[in-house]
Structures are given as C-alpha cells and as structure tokens.
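[1] Need coordinates for the following:
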Amino acid sequence: MSQRNIAPALPWLLLLLGLGLLGLGLAIGSTGWSPWFEQADPAMRQILWDIRAPRSIGAWLAGALLALAGAIAQGLFRNPLADPYLLGCSAGATLGVALLLAMIGMSPAATALALRIGMTGAAFAGATLAVLLTLLLARGAEQSIRLLLAGVVVGMVLGSASSLITLMSPDIMRAMLSFMLGSTGFVGWNAVLIMAVVFVLCLAVALACSRSLDALSLGEATASSLGVRLKMVRLSLIAALTLATGAAVAQCGLIAFVGLVAPHLVRSWGPITHRRLLLLAPLTGGALLLAADILARWVISPQELPVGVITGLLGGGYLLWLMHRRPQSLRGHR
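    Next comes the predicted model:
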C-alpha cells in the first residue's frame with residue numbers, strides 16, 4: 001500500500017493504536033496482567049478506574065503535549081533537532097521543584113507555602129519563568145538565533161542552580177532524581193483534566209498558525225513578503241510551546257525524546273504540511289509515551305522503571321538509526 005493511499009487513514013490508525021494501548025494500560029499494573037473487562041472485585045475496579053485509567057490517559061496526553069510542542073519548536077526554528085525543552089523549560093521546571101523541596105522543613109511557614117504550591121505548581125511556574133527570562137535576554141522573539149542562544153544560556157544557568165540546591169540539600173536528591181527521570185505514577189483525574197484543556201488550547205493556537213509555519217519554512221524574508229506577521233506568530237507559538245511543555249512536565253516530570261522523535265516519525269511517512277504534522281505528531285507522541293509507560297510497568301513487575309528511561313533508550317536508539325540510515329533527514333531547513 002503506497003504512502004499516498006495510506007495517508008488519509010493515518011489519523012484513524014493512530015487513534016485506534018492509542019485506544020488499543022489504553023486498553024492495555026488498563027490491564028497492566030504492579031499485579032501483572034489483569035483484563036479490565038473481567039474485574040468484578042470492587043477493590044480491583046477502584047484500582048482500574050482511580051489509578052490505571054487516569055495514569056494511562058494522562059500518559060497519552062503528556063506525550064501528545066510534548067509531541068505538539070516539539071512540532072511547534074521544529075517548525076518555528078526550522079531545525080529538526082529542536083525539542084520542547086529548547087527555551088529553558090526543563091531547567092526552569094527542575095529549579096522550581098528543587099526550590100520547593102528545599103523549602104520543606106526550613107520553617108513551618110516555608111513548609112506550609114511549599115505544600116500549598118505543590119510540585120506541579122512549582123514545576124509549571126519554573127518552566128514559564130524560564131521562557132520569560134529567555135525572551136527577556138533575547139529582547140523579544142524577532143531573531144531566532146538570539147532566542148536559541150538565550151535558551152541555551154538560561155538552561156545552563158538554571159540547571160547549575162538546581163544542581164547547587166540539590167548539593168546543599170542532599171535529602172531531596174531522591175525526589176529530584178524521580179522528577180528528572182519522569183513518571184506517570186501520580187497522575188490523577190485532575191491532572192488529566194488540566195492536560196486535556198491545555199492540549200485543546202495549544203492545538204488550536206498551533207493550527208491557527210500552521211500556514212504561517214509553512215511560509216516560514218521558505219525563509220523569514222519570503223514569509224514576510226507573503227504577509228506573515230512574524231512577531232505575532234512567533235509569540236503565539238512560543239506561548240503555546242511553553243504552555244504545552246509546562247503542563248506535561250508539571251504533571252509527569254522530565255520525559256526525554258518524545259517531543260523530538262514524534263515529529264520525525266510523522267515526517268518519515270512522506271511529505272507533509274505543518275497543519276497535518278501538528279495533528280499527527282500529538283497522536284504519535286501520545287501512543288509513544290503510553291507504550292513506554294506500559295513497558296515501564298511491565299518489564300520488572302511488580303516494580304516499575306522510570307518512564308523517562310524507556311523513552312530515552314527507545315528515542316535515542318531511533319535517532320541513532322536515523323542518523324545512520326538517513327543523515328539528510330537531520331539537517332536543518334534552508
């Protein structure tokens with residue numbers, strides 16, 4: 001079957017894959033394989049619908065958010081190696097969590113404030129502030145190179161600050177390691193609702209800017225001559241990128257490679273416009289992260305591996321294969 005014939009069916013195939021993986025996610029847990037449709041025990045049903053269901057749906061949504069952010073970043077910077085953490089989101093989120101954990105136990109007031117903010121709030125606030133700092137250092141979003149360099153600098157500085165805080169408070173090291181390796185184990189229905197709302201909002205913004213991304217792929221001068229308002233488009237896409245990445249990281253920690261690999265997988269199926277890429281990449285990213293989460297639960301059951309370890313191994317292996325087989329696919333847009 002040719003790529004042209006299969007292209008219209010791709011969204012439906014990816015949706016079916018996601019539904020199939022969701023069913024598998026409901027059936028696999030620390031107790032091993034237990035088909036969800038055969039459970040009559042009230043305690044087991046509660047585990048299924050209060051733990052496994054939100055975890056599985058949350059893993060899909062987090063993967064979809066990261067893949068959408070990755071597709072936006074690669075289109076915006078015209079660089080196939082751009083990922084959702086490019087503007088300092090990951091370093092900012094890590095610093096926010098490190099500060100929060102260090103505050104606990106300092107004093108009753110600091111502990112109460114830390115508990116009120118929570119790890120989710122600290123990670124999201126840190127990611128957002130890091131991107132704002134990047135924009136401030138880059139003096140806006142007009143120049144892509146300046147923005148990229150500012151993101152690298154902010155990431156290095158905030159990452160060093162996180163390492164310093166962790167060194168000064170060694171008792172938070174285990175919690176920090178868990179956050180940095182990523183986990184979907186604590187995702188509940190509230191987190192699912194938040195990620196779903198953010199995903200719909202960010203997808204709408206990205207699709208509204210999809211034609212501008214198509215024009216931008218021809219070069220900034222060409223895009224400007226076609227009437228694209230570069231400053232407004234860049235700021236809108238950076239806001240969507242930040243919101244999507246911040247929401248996923250806040251709920252699941254730092255998960256590697258999903259946002260980088262999913263757009264590459266979609267492009268490997270044939271030439272594609274940004275509108276279609278922005279629709280297919282989240283479906284692919286959601287399936288990838290949910291599959292990785294299922295593997296993380298199953299490989300050394302009843303214990304679990306951090307899902308970031310699985311995505312790192314699989315994503316890194318895929319990119320190495322891609323570099324060996326098709327090195328031209330990793331070259332930047334001209």
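
[2] so where's the stretch 201-334 of the chain uncertain?
    When residues are selected by pLDDT under 70, those of the stretch 201-334 of the chain lie in 326-334.

[3] The host helix or strand of G159 packs against which elements?
    Counting by DSSP states H and E, the element that carries G159 is helix 144-168. For helix 144-168, the packing partners by 3 or more Cβ pairs under 8 Å, 6 or more residues apart in numbering; DSSP states H and E come out as helix 89-103, helix 108-137, helix 173-181. For every residue, glycine as well, the C-beta is placed using N, CA and C.

[4] can you give me the helices in the stretch 201-334 of the chain?
    Taking DSSP state H, counting those that start in this stretch to define them, one finds helices in the stretch 201-334 of the chain at 210-216, 220-225, 230-252, 258-267, 274-298, 307-325.

[5] ok so, going back, can you give me the angle the helix holding G159 makes with helix 108-137?
    Between the axis of helix 144-168 and that of helix 108-137 there is an angle of 160 degrees, by axes from the mean of the first three to the mean of the last three Cα atoms, to 10 degrees.

[6] Just name the most buried of the helices and strands packed on helix 144-168.
    Among these, ranked by average contacts under mean count of other Cβ atoms under 10 Å, first place goes to helix 89-103 (a mean of 26).

[7] gap between that helix and the chain center?
    For helix 89-103, the distance between its averaged C-alpha position and the chain's averaged C-alpha position is 17 Å (Cα atoms, centre = their mean, to the nearest Å).

[8] about what we covered before: roughly how far is the helix holding G159 from the heart of the chain?
    Taking the mean of its C-alpha atoms, helix 144-168 sits 19 Å from the chain's own mean (Cα atoms, centre = their mean).

[9] ditto for stretch 143-162
    From the chain centre to the centre of stretch 143-162 is a distance of 18 Å (Cα atoms, centre = their mean).

[10] Not counting its own residues, what contacts it?
    Contacts of stretch 143-162 from elsewhere in the structure, counted by Cβ atoms under 8 Å, 6 or more residues apart in numbering, are 76-78, 85-88, 90-92, 94-95, 98, 126, 130, 133-135, 137-139, 141, 176, 220.

[11] could you list every residue that touches I51?
    Contacts for I51 (Cβ under 8 Å, 6+ apart) come out as G29.

[12] The helix holding G159 vs helix 173-181, what angle?
    160 degrees.

[13] So for helix 144-168, what gets flagged as buried?
    Of the residues in helix 144-168, those buried by neighbour count under the rule 16 or more other Cβ atoms under 10 Å are 144, 147-148, 150-151, 154-155, 157-159, 161-162, 165-166.

[14] Repeat that for stretch 196-211.
    Taking 16+ other Cβ under 10 Å as the neighbour-count basis, stretch 196-211 is seen to contain the buried residues A196, V198, F199, C202, L203, V205, A206, C209, S210.

[15] how far away is the residue nearest to the fifth one when sequence neighbours are not counted from A215?
    Same thing as L203. With Cβ to Cβ, 6 or more residues apart in numbering as the measure, L68 is the residue that lies nearest to L203, at 6.2 Å, once sequence neighbours are left out. The gap separating L68 from A215 is 20 Å, by Cβ to Cβ, to the nearest Å.

[16] more crowded one of the two?
    In terms of neighbours (other Cβ atoms under 10 Å), L68 is the more surrounded of L68 and A215; the figures are 33 against 19.

[17] Could you pull up the contacting residues of the residue lying closest to T120 once chain neighbours are set aside?
    Spatially, and ignoring its direct neighbours in sequence, T120 is nearest to A250 (4.6 Å; Cβ to Cβ, 6+ apart). Residues in contact with A250, defined by Cβ under 8 Å, 6+ apart, are A93, M119, T120, G121, A123, F124, A127.

[18] For the residue nearest the centre of the chain, what is the enclosing helix or strand?
    Relative to the mean C-alpha position of the chain, the nearest C-alpha, by Cα atoms, centre = their mean, is the one of L66, at 2.4 Å. Element membership for L66, per DSSP H and E: helix 53-76.

[19] Any idea how far stretch 55-62 is from the middle of the chain?
    Going by Cα atoms, centre = their mean, where stretch 55-62 is centred and where its chain is centred differ by 11 Å.

[20] Could you identify the most distant pair in the contacts of A250?
    Maximum pairwise distance in the contacts of A250, criterion Cβ to Cβ, is 12.4 Å, between M119 and A127.

[21] if we can go back for a sec, looking at the buried residues of stretch 196-211, which is nearest A102?
    The shortest approach to A102 among these belongs to V198, at 27.5 Å (Cβ to Cβ).

[22] which non-adjacent residue is nearest that closest one?
    Ranked by Cβ to Cβ, 6+ apart and with sequence neighbours excluded, the top spatial neighbour of V198 is A247, at 4.2 Å.

[23] and if you look at A291?
    Excluding the flanking residues, the one nearest A291 by Cβ to Cβ, 6+ apart is L21, at 5.7 Å.

[24] What pLDDT is listed against that neighbour?
    As summarised for this prediction, L21 has a pLDDT of 93.

[25] Does A141 belong to a helix, a strand or coil?
    Following DSSP: H, G, I helix; E, B strand; the rest coil, A141 is assigned to coil.

[26] That one against V131, yeah?
    No - taking contacts as Cβ atoms under 8 Å, A141 lies outside contact range of V131: 10.5 Å.
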